[in-house]
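**Student:** Below is the sequence, then the predicted model.
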Amino acid sequence: DGGITQSPKYLFRKEGQNVTLSCEQNLNHDAMYWYRQDPGQGLRLIYYSQIVNDFQKGDIAEGYSVSREKKESFPLTVTSAQKNPTAFYLCASSPGQNSPLHFGNGTRLTVT
Amino acid sequence: AQKVTQAQTEISVVEKEDVTLDCVYETRDTTYYLFWYKQPPSGELVFLIRRNSFDEQNEISGRYSWNFQKSTSSFNFTITASQVVDSAVYFCALSEAGWRGYQKVTFGIGTKLQVIP
């Protein structure tokens, strides 16, 4: 079955360390997205990508970086510059404009 | 700028009661799409419905129904005869064409629904 795989489900890091969250899709979707979810704040867009080697900052990109070297993969790196990285991170993909987003199961990152 | 407001942060109902989740949106575009997603405790958001700005017809799918009113910029979601399995966080979202054709999706903060047996 096609879908989006995020790994790991839970991730723990010490403050000051960079950490990379994985997102892989086999839906053949062009667009991919990273969202951050915090209690009481809904989903906020971090980065999005329409095609390979092209990506754009979302509303809260500071302290994050991404790459899109393959259509199937859109990893997110949370850098030490991110002031409050503890959150639930969701990756999504879409086959086209105004189509529903398909989401992964998320990665819960805890930084202490 | 686009905005989605879900004023109800948490709702509790007893099983078999009907419940309506409110969604109010703001946009300057004449063409846009509205969505509802369900997020069960497992974390993955599941798509429920999409409605475009030119289609104000209400929709019913089993126990779920949606009421879209452009005059009040609302897209409300009703669950009839609620069940414990309906317990989840529900998100309303608005999609517009963004820069270079990118899809810009704005989510509300979500409404947490608890259905009590």
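**Tutor:** That came through fine. Residues are numbered from 1 along each chain as shown, chains lettered A, B, ... in the order given.
**Student:** So what sits opposite the residue at minimal distance from the centre of chain A in the bridge?
**Tutor:** Nearest to the mean C-alpha position of chain A, counting by CA atoms, centre = their mean, stands A:Trp34 at 3.1 Å. As for beta bridges, A:Trp34 partners with A:Tyr47, A:Cys91 under DSSP bridges.
**Student:** Same question for B:Thr20.
**Tutor:** As for beta bridges, B:Thr20 partners with B:Thr78 under DSSP bridges.
**Student:** Now do it, the pLDDT please.
**Tutor:** The model reports B:Thr20 with a pLDDT of 98.
**Student:** Could you double-check that A:Gly63 sits in contact with A:Gln82?
**Tutor:** Yes - shown here, A:Gly63 and A:Gln82 form a contact pair, counting by CB atoms under 8 Å, at 2.8 Å. For glycine as for every other residue, the C-beta is placed from the backbone atoms N, C-alpha and C.
**Student:** neighbour-wise, which of these two wins?
**Tutor:** A:Gln82 (22 against 15; other CB atoms under 10 Å in any protein chain shown).
**Student:** which residues sit in contact with B:Pro41?
**Tutor:** Residues near B:Pro41 by CB atoms under 8 Å, 6 or more residues apart in numbering or on different chains: B:87-88.
**Student:** Need the three-state assignment for it.
**Tutor:** coil (DSSP: H, G, I helix; E, B strand; the rest coil).
**Student:** if I look at it, how far off is A:Asn28?
**Tutor:** When CB to CB, to the nearest Å is applied, the distance between B:Pro41 and A:Asn28 equals 29 Å.
**Student:** B:His43 - how many residues pack around it?
**Tutor:** For residue B:43 the amino acid is Gly, not His. Under the neighbour criterion other CB under 10 Å, B:Gly43 is assigned a count of 18.
**Student:** roughly how far apart are it and chain A?
**Tutor:** For B:Gly43, the distance to chain A under the criterion CB to the nearest CB, to the nearest Å works out to 4 Å.
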